[in-house]
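# return atomic coordinates for the entry below.
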Amino acid sequence: MKTLVIGGNGQLGQALVATVPAEFDLVAVDRAELDISDADQVSKLSQDVRPAVIINAAAYTAVDEAESHEELAHAVNAVGPRNVAGAAMDVGARLIHVSTDFVFDGEAVEPYRPDSATHPLNSYGRSKFDGEQAVLKAMPDTAAVIRTAWLYSSTGANFVTTMLRLMRERDEINVVADQRGTPTWANSLAEAVWALVDVREFHGIYHWTDAGECTWHEFAVAIQEEAISLGLLDRPVPIHPITTEEYPTAAKRPAYSVLDCSETIALLGLQPEPWRVNLRRMLKGMRT
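Residues are numbered from 1 along each chain as shown. I've put the predicted structure just below:
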């Protein structure tokens, strides 16, 4: 099956390339090859490739910078998906668009379902929500939005790689302890995306994360413990829990962003691994 992955150099894009099933004929492009905010570029690429499925993993993910670069975030995260949806319709392709837990406000006390009310708190979240709506409006029967949370991998700038660097450079670190979510390995999400492609009748909104939940502080402690046990760190450093107020950022973040993945689990027949199990698997890969 001819499949086009947009955002091929990102965390998820690289994971999709690394885990692609043998029966897929994969074409992956990155932002140097495609500006998804340019409708003509997107249309030309889709006409050249003529995929059966398009996976849009491209996004502007600099959450704090999006507050001062709102137009750019909107161009990539909202206009871009609209352009991709238009191109997909032109060639008769199905579309999977990747979104985020940041479409929610974090005021819930139980995991967010795909149909839970949205209320993004920041520019990044608003741009991603607008992208979801553009895709679903254009392709209500042949497109899917899959939301995830706290995505990380062994490459690029993410919480895990940042924590490993800080733990090597500093004698102590402070990490927010009053925001809860679910760390999700990019390879786990990639496997769910490939399984969703096989559903063939997908449409609407789906959620996928690894299993369980934690705070950023608990995540950092786990990263250090696992990294030391695997020989990736030479020494432990104190990790102090702090409040969101003690770590001000340009963008407000949801205090609680755990996603209910039960419907997606039932649909795909996949059981997500506990987040700490996948964290260790990923770190083991970094050791080799």
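# let's see stretch 116-123 as PDB, backbone CA atoms only.
What follows is stretch 116-123, C-alpha atoms only, in PDB (Å, rounded to 0.1, in the frame of the first residue of the first chain):
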ATOM      1  CA  SER A 116     -14.800  15.200  25.700                       C
ATOM      2  CA  ALA A 117     -15.200  19.000  25.500                       C
ATOM      3  CA  THR A 118     -12.100  20.800  24.300                       C
ATOM      4  CA  HIS A 119     -10.700  24.000  25.600                       C
ATOM      5  CA  PRO A 120      -7.100  24.700  24.700                       C
ATOM      6  CA  LEU A 121      -5.200  27.000  27.000                       C
ATOM      7  CA  ASN A 122      -2.500  28.200  24.700                       C
ATOM      8  CA  SER A 123      -1.600  29.200  21.100                       C
END
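# contacting residues for Ala22?
Residues near Ala22 by CB atoms under 8 Å, 6 or more residues apart in numbering: none. Heads up, the C-betas are built off the backbone N, CA and C, glycines and all.
# how far away is it from Val199?
Separation of Ala22 from Val199 (CB to CB, to the nearest Å): 19 Å.
# now Ala32
31 Å.
# more neighbours: which of the two?
With neighbours defined as other CB atoms under 10 Å, Ala32 and Val199 compare such that Val199 has more, 14 against 7.
# wait, Asp130 sits on Val76?
No: look at Asp130 against Val76 with CB atoms under 8 Å: they stay out of range, at 11.1 Å.
# ok, those two, which is more surrounded?
Val76 (24 against 19).
# hang on, the more buried one in a helix?
Yes: the assignment for Val76 (DSSP: H, G, I helix; E, B strand; the rest coil) places it in a helix.
# which residues touch Ala195?
Taking CB under 8 Å, 6+ apart, we find Ala195 in contact with Leu268, Gly269, Leu270.
# repeat for His119
Phe104, Asp105, Glu107.
# the second one contacts Asn122, correct?
No: counting by CB under 8 Å, Asp105 sits too far from Asn122 to count as a contact (10.1 Å).
# these two - which one has more neighbours?
Asn122 (21 against 18).
# quick check: phi and psi on the more buried one?
Dihedral pair for Asn122: phi -140, psi 170, per degrees, to the nearest 10.
# quick one: low-confidence parts of the stretch 151-288 of the chain?
Along the stretch 151-288 of the chain, the model assigns pLDDT under 70 to residues 288.
# show me where it has its strands.
151-152, 173-176, 180-181, 184-185, 204-207, 214-215, 239-242 (DSSP state E, counting those that start in this stretch).
# now, of those strands, which is deepest in the fold?
Highest mean neighbour count of the strands of the stretch 151-288 of the chain: strand 184-185, a mean of 28 (counted as mean count of other CB atoms under 10 Å).
# which strands or helices does it pack on?
Using 3 or more CB pairs under 8 Å, 6 or more residues apart in numbering; DSSP states H and E, the elements in contact with strand 184-185 are strand 151-152, helix 275-287.
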